[in-house]
Every structure is written in C-alpha cells, then in structure tokens.
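Asker: Got a sequence here, can you model it:
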Amino acid sequence: MPRRSRIHLDGVPLHIVQRGHNREPCFFAEDDYSSYLHWLGEALTESGCALHAYVLMTNHVHLLITPTKAEAVPKFIISLGRRYVQYINRSYRRTGTLWDSRYKSSLVQAETYLLACQRYIELNPVRAAMVEDPAHYRWTSYRANGLGQPDARLSPHPLYRALGRDNEEQRAAYRALFRAHLDRAAIDDIRLALKQSQPLGNQRFYAKIEQMTGIRREAKPRGRPRVDTAQTLS
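Answerer: As a prediction, this is how the structure comes out:
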C-alpha cells in the first residue's frame, strides 16, 4: 500500500514527530539536547516557522509548529535533521543514519486541539514515568509556557495568548490545564492522526482541507469497526 502523502498548509499548526532509527536513542548526553535546540532555533529562523511546543525524549522528538509557508516544512525538517546528525556523527565518531526515514506529521485544528496537543507533547516525560511533573523535565517547552522560563525559540500561539490578559495570567491559566489528566480520547485521537498522517480536528476542519487540497483526509480506526457495547447494552 502506498504511503499517504503529507499535507502541510500555510498558517495551519502542524504536529511533527521524528524518531530515532529503529527507535534507538538519538540523544546520548546533555550536550546533545543543547545542540539539537541550537540547530532547532536556526532552522526556525531560516524557515519562517513558529514553534509553540516541543519535547526532546531519549529516542524521539515532538514539535508543534505553524509554518508561514507550507513548502518550508520539509526544508525545516531536513535542515534540522542533517545538522544534528552531522554533529552526532562527528562527536561520537559514527557514520550512517540517526533518524527514521520519514517523520510523522498531522495538521492540527487550532480551536479544538491546539492546547490539547501542547499538553500531550509536554506531558510525554510524565507518561513515560521519567518525572512526576512536567516542570521537572529540562528538555521541554513546559518551563517556558507554564513557568515563564525564557526560551527565544518559542512563539506562543494566539490561543495561548487568549488564556489571560498578560503573561502571568496566561501562564497561570496554562498551568491550570495540567491539573487534570489529559483526556484519554484526546490522546488516542492525537496518536491515531500521527500514525496515519491525517489531520486532527472536526468535520468542518476536514471539509476545509478537502476544499483546499481536493483530497479527503480524516483519521480512521484500523481494522474491523468495533461494536459500541455501551450502545448495545443501553
């Protein structure tokens, strides 16, 4: 079965995941994380993409960006990945690939899923049982979005800005979102959209993408349709 083509659109948020080859580590020491963030900042400047959230895990990264121009996204990923691989190969005297050949991406409907997607990204270390609080993990955007730690790479989305009248109110409202667990259905929706390289949103969002691209895109559960036991028993 041919792979689905990725869809990138001007000004539409995009959730990107890039994994280490065969799910092997892509970060080996603290300097590696710092170097990746350095190259990330340069790639953002060159591509004109705005970064809203990120997390660097041991064997993969999550990025939530909004590209000014859709065609800048592949260039952004290639530039960032190539520079970091060159750094790793030079530092550890290795050769060959570091990343999986294809990155995963999913368009995100801002008004319905953007803040949930930010929480999903920044809660990765918590779900992985690496920390109990996202503030305790260094290599994530939570310390900036939730605590105000300076991070020049980040460009808060207008929906984040709308959480409060000033930076302090915005951060407080954002932290409050983390007091409750991220809804299981939202986690499943985000994961399915990434796995299938499909948009994340509602029917209106899918219709808009179809109108703009001429292609119908919507994440679909794989396999046989599941019986709705709740409906059957009611």
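
Asker: what's the helix ranked longest in the chain packed up against?
Answerer: For the chain, the helix with the greatest residue count under DSSP state H is helix 72-92. Counting contacts by 3 or more Cβ pairs under 8 Å, 6 or more residues apart in numbering; DSSP states H and E, helix 72-92 is packed against strand 14-19, helix 30-47, strand 49-56, strand 60-67. Every residue, glycine included, has its C-beta placed from N, CA and C.

Asker: Pairing partners for the helix or strand following that helix, with directions?
Answerer: Moving toward the C-terminus from helix 72-92, the next helix or strand (DSSP states H and E) is strand 104-107. Partner strands and pairing direction for strand 104-107 (DSSP bridges) are strand 14-19 (antiparallel).

Asker: Check the offset of the partner strand from the chain's centre.
Answerer: 5 Å (Cα atoms, centre = their mean, to the nearest Å).

Asker: and the angle from it to strand 60-67?
Answerer: 150 degrees (axes from the mean of the first three to the mean of the last three Cα atoms, to 10 degrees).

Asker: tell me the contacts of E132?
Answerer: V126 (Cβ atoms under 8 Å, 6 or more residues apart in numbering).

Asker: ok, the residue lying closest to I77 once chain neighbours are set aside - how many residues close by?
Answerer: Residue nearest to I77 in three dimensions, not counting chain neighbours: Y103, with 5.6 Å by Cβ to Cβ, 6 or more residues apart in numbering. If you count neighbours by other Cβ atoms under 10 Å, Y103 ends up with 21.

Asker: quick one: Y103 and V17 touch, right?
Answerer: Yes - proximity of Y103 to V17 meets the contact threshold set by Cβ atoms under 8 Å, at 6.6 Å.

Asker: Mind listing residues that contact the longest helix of the chain?
Answerer: Counting by Cβ under 8 Å, 6+ apart, 8, 14, 16, 18, 26, 28, 31-32, 35-36, 39-40, 42-44, 46-49, 65, 67, 94-99, 103, 105 sit against helix 72-92.

Asker: ditto for stretch 149-163
Answerer: 13, 37, 40-41, 44, 50-54, 66, 110-111, 114-115, 118, 141, 143-145, 169-170, 173-174.

Asker: same question, stretch 200-219
Answerer: Counting by Cβ under 8 Å, 6+ apart, 7, 9, 15, 106-109, 112-113, 117, 189-190, 192-193, 196, 198-199 sit against stretch 200-219.

Asker: what does the average pLDDT come to for the strand or helix carrying D189?
Answerer: Element membership for D189, per DSSP H and E: helix 184-195. The pLDDT scores in helix 184-195 average 93.

Asker: Nothing else from me, thank you.
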